[in-house]
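A.B. asks: coords please:
(chains A and B)
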Amino acid sequence: MIISIHSFRGGTGKSNTTANVSALMAQRGYRVGVIDTDIQSPGIHILFRMSETSIHHSLNDYLWGKCAIQDAAHDVSHILENNPNKGKLYLIPSNIKTNEIARILREGYDPAALSDGYNDLLEELKLDYLIIDTHPGLNEETLLSIAISDVLTVIMRPDAQDYQGTGVTVEVARKLGAVKLQLVVNKVPQSFDLADVRRKVEQAYQCEVAAIFPHSDELMALASADIFSMRNPEHPMTRIYESLVDKLIG
Amino acid sequence: MFSTRQIGNELFGLIPGLWSRWHPRYDRVGDLLWAALITAVAIVVGVAFAAFTDIYLFDFVDLDFAIYQELIPIGTVNLINALILTPIILFNAARLDYRSLPSIRSGLMRRLLLTLLISAALPVGLLGLFLMQQTQESAASSPAELTLKLSVTIVLSLLFTVVNALLLAQTVSNPLLRLAQAARLMEAGNLTQGDIDQIQAVRGNDEVTQLGHIFAGMAAEVIARERKLQKQVQELRIEIDRTRQEEAVSEITDTEYFQDLQQKINHIRGRARPAKPANPSTSKDSDL
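C.D. replies: Residues are numbered from 1 along each chain as shown, chains lettered A, B, ... in the order given. From the prediction side, this is the model:
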């Protein structure tokens, strides 16, 4: 099963959400792969505590035909704080070297290779779930990822620019016939009533809201350094991540 | 010489004293009447005891003398005094609340009082000591030496008083300044929970500390109320420009790539893969 996690703009907390959700899924005993297709500004590997030097092969190498996609998969199950069900977590990072990023931008690549890669990953690593951390906006590889996904989760913040962009994404995804569409509202200021936000968002997009995250200073302090739900298993925020996992696998 | 008159006098006090052990309150008129009656009984018993024992102690005292020269005149004077004074004193005493006397109850007042007393007593003591010394050896000291010693004593006393006063002043003013700063922050809406905790952490039994605690409690209450109010006021409004959205959507869906993707989509999805994974393990329930 392929799950795409997308947002129209950057800074919505997409990578953080992807990391937390995938780790919690693996902790439940599933075999989970996370693929960072944000080739232009990769970053999720930092959350999985991977250094540049420990990345032997990346998504870029696969797209250049230098290796098989499973060779770019790094086992990061060690970040699971508690793994009684022997779940597995793999990360397929993008290359963060600026010349590699520039090459991708300059020369482009065959988006179809990406969809083959997804299917190879599911088969070769016997994954239960493949989670795609997409590139913001709606470029070709993102459209492909959306098209190929069983579940599309769109993350938005409660602000005017995200309202418009999310509307476009939802419409385009519907035209592609995305199997299951879910919204996640992130970074909601404390002054909002969460139930009210959920009702209004669902009404505006005619689409289920899978989770709402209030803005958390704690998460901000840990952002891009760690996976919050692993470090704070009892925190209310972690409970919201758990409920999002329930919705995704439900 | 031993006299039973002293025992008689002491009975005046002993009898009402014992009675008051069981009747310590004098709020009602009935209590005051009872107290007057008991006092009268004590006077009669006391004077009678003194007068009648005099018969055995003194030759010139006989029964007539004891009754008419002692019991009646002494008893009458004492009864009149006691019946007027006892209710008045008890009435006032019952209404005198020692706990509300500010000088006793107030921690700040106590501190001020103590410091002022020390400040005043020390110079007076020093000067007194000095003068006593001088009177004892006045012959030995020349007027110049005397003036010098006196000056030194006065200067030292003043110095001590000034230092003491400064120390006292800052123990009062510092907490007040901190409190004023907190109030200013609160006025600007910048008071944080950390500031409030800091004020609440100050220990002490004086009024300034109490005021700080009251202020901290109030500030916390106000901040909580304000937050609640904000929550009620702020409502999410989602405004989407549908025309612009339509345009943006067609910009994407009109591309060749999109239409190509749309056509191939079933083919891409058609590749065999399980739609929904089975539960990963039997112990899943305990993990959820």
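A.B. asks: Can you give me the end-to-end span of stretch B:230-246?
C.D. replies: End-to-end distance for stretch B:230-246, by CA to CA, to the nearest Å: 35 Å.
A.B. asks: Go through that stretch and flag the buried ones.
C.D. replies: B:Leu236, B:Ile238, B:Ile240, B:Gln245 (16 or more other CB atoms under 10 Å in any protein chain shown). (Each C-beta comes from the backbone N, C-alpha and C, glycine too.)
A.B. asks: Turn the residues you listed into CSV, including secondary structure, distance to A:Arg199 and pLDDT.
C.D. replies: Converted to CSV, the buried residues of stretch B:230-246 look like this (DSSP: H, G, I helix; E, B strand; the rest coil; distance: CB to CB, whole Å; pLDDT from 0 to 100):
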residue, secondary structure, distance to A:Arg199, pLDDT
B:Leu236, coil, 9, 74
B:Ile238, coil, 11, 81
B:Ile240, coil, 16, 84
B:Gln245, helix, 21, 89
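A.B. asks: what's the closest of these to A:Asn99?
C.D. replies: Nearest to A:Asn99 among those: B:Gln245, at 37.8 Å, using CB to CB.
A.B. asks: all helices for chain B, in order.
C.D. replies: Ranges of helices in chain B, per DSSP state H, are B:4-22, B:29-57, B:63-64, B:72-95, B:102-105, B:107-136, B:143-187, B:193-201, B:207-233, B:242-253, B:256-270, B:284-287.
A.B. asks: Output those in a markdown table, with distance to chain A appended to each entry.
C.D. replies: Below are those laid out as a markdown table (distance: least, CB to the nearest CB, whole Å):
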| stretch | distance to chain A |
| --- | --- |
| helix B:4-22 | 62 |
| helix B:29-57 | 62 |
| helix B:63-64 | 97 |
| helix B:72-95 | 55 |
| helix B:102-105 | 44 |
| helix B:107-136 | 39 |
| helix B:143-187 | 19 |
| helix B:193-201 | 12 |
| helix B:207-233 | 5 |
| helix B:242-253 | 4 |
| helix B:256-270 | 5 |
| helix B:284-287 | 5 |
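A.B. asks: most neighbours per residue, which of these?
C.D. replies: Ranked by mean neighbour count, the helices of chain B are led by helix B:29-57 with a mean of 17 (mean count of other CB atoms under 10 Å in any protein chain shown).
A.B. asks: what helices or strands is the longest helix along chain A leaning on?
C.D. replies: When chain A is parsed with DSSP H, its longest helix is helix A:160-176. The contact analysis (3 or more CB pairs under 8 Å, 6 or more residues apart in numbering or on different chains; DSSP states H and E) places helix A:160-176 against helix A:140-148, strand A:151-156, strand A:180-188, helix A:194-205, helix B:242-253, helix B:256-270.
A.B. asks: Of the ones you listed, which shows the lowest average pLDDT?
C.D. replies: Here the lowest mean pLDDT among the helices and strands packed on helix A:160-176 goes to helix B:256-270, at a mean of 76.
A.B. asks: can you map out the helices along chain A?
C.D. replies: Here chain A has its helices, by DSSP H, at A:14-27, A:44-47, A:59-63, A:98-107, A:111-124, A:140-148, A:160-176, A:194-205, A:217-222, A:228-231, A:236-249.
A.B. asks: For those helices, which has the smallest mean pLDDT value?
C.D. replies: helix A:217-222 (a mean of 68).
A.B. asks: if we can go back for a sec, strand A:151-156 and the longest helix of chain A, what's the angle between them?
C.D. replies: 160 degrees (axes from the mean of the first three to the mean of the last three CA atoms, to 10 degrees).
A.B. asks: Excluding chain neighbours, give the residue nearest to A:Thr12 in space.
C.D. replies: Excluding the flanking residues, the one nearest A:Thr12 by CB to CB, 6 or more residues apart in numbering or on different chains is A:Ile155, at 4.6 Å.
A.B. asks: Let me know how buried that neighbour is, in neighbour terms.
C.D. replies: A:Ile155 has 28 neighbouring residues, counting by other CB atoms under 10 Å in any protein chain shown.
A.B. asks: Same check on the one 5 residues further on?
C.D. replies: Taking other CB under 10 Å as the criterion, the count of residues near A:Ala160 is 12.
A.B. asks: who are the neighbours in contact with it?
C.D. replies: Going by CB atoms under 8 Å, 6 or more residues apart in numbering or on different chains, A:Ala160 touches B:Glu239.
A.B. asks: how about the helices of chain B, which one is nearest A:Ala204?
C.D. replies: helix B:242-253 (10.8 Å).
A.B. asks: Run through who's touching that closest one.
C.D. replies: With CB under 8 Å, 6+ apart, helix B:242-253 has contacts from A:Leu138, A:Leu143, A:Gln164, A:Gly167, A:Val168, A:Glu171, A:Val172, A:Lys175, B:Phe258, B:Gln259.
A.B. asks: what's the neighbour count on A:Arg157?
C.D. replies: Neighbours of A:Arg157 (other CB under 10 Å): 20.
A.B. asks: wait, it sits on A:Val184?
C.D. replies: No - between A:Arg157 and A:Val184 there is no contact under CB atoms under 8 Å: 10.1 Å.
A.B. asks: A:Asp75 reaches A:Gly87, doesn't it?
C.D. replies: No - contact criterion CB under 8 Å: A:Asp75 and A:Gly87 do not qualify, at 11.4 Å.
A.B. asks: picking that back up, list the buried residues for the longest helix of chain A?
C.D. replies: Neighbour-count burial for helix A:160-176 flags A:162-173, A:176 (criterion: 16+ other CB under 10 Å).
A.B. asks: and if you look at stretch A:185-196?
C.D. replies: A:Val185, A:Asn186, A:Lys187, A:Val188, A:Ser191, A:Phe192, A:Leu194.
A.B. asks: Then stretch A:77-95?
C.D. replies: A:77, A:79-80, A:83, A:85, A:87-95.
A.B. asks: Could you pull up the mean pLDDT of that stretch?
C.D. replies: pLDDT averaged over stretch A:77-95 gives 88.
A.B. asks: what distance separates the start and the end of it?
C.D. replies: First residue to last in stretch A:77-95 (CA to CA) measures 20 Å.
A.B. asks: Looking at the helices and strands packed on helix A:160-176, spot the one closest to A:Asn99.
C.D. replies: Across these, closest to A:Asn99 is helix A:140-148 (CB to CB), at 19.9 Å.
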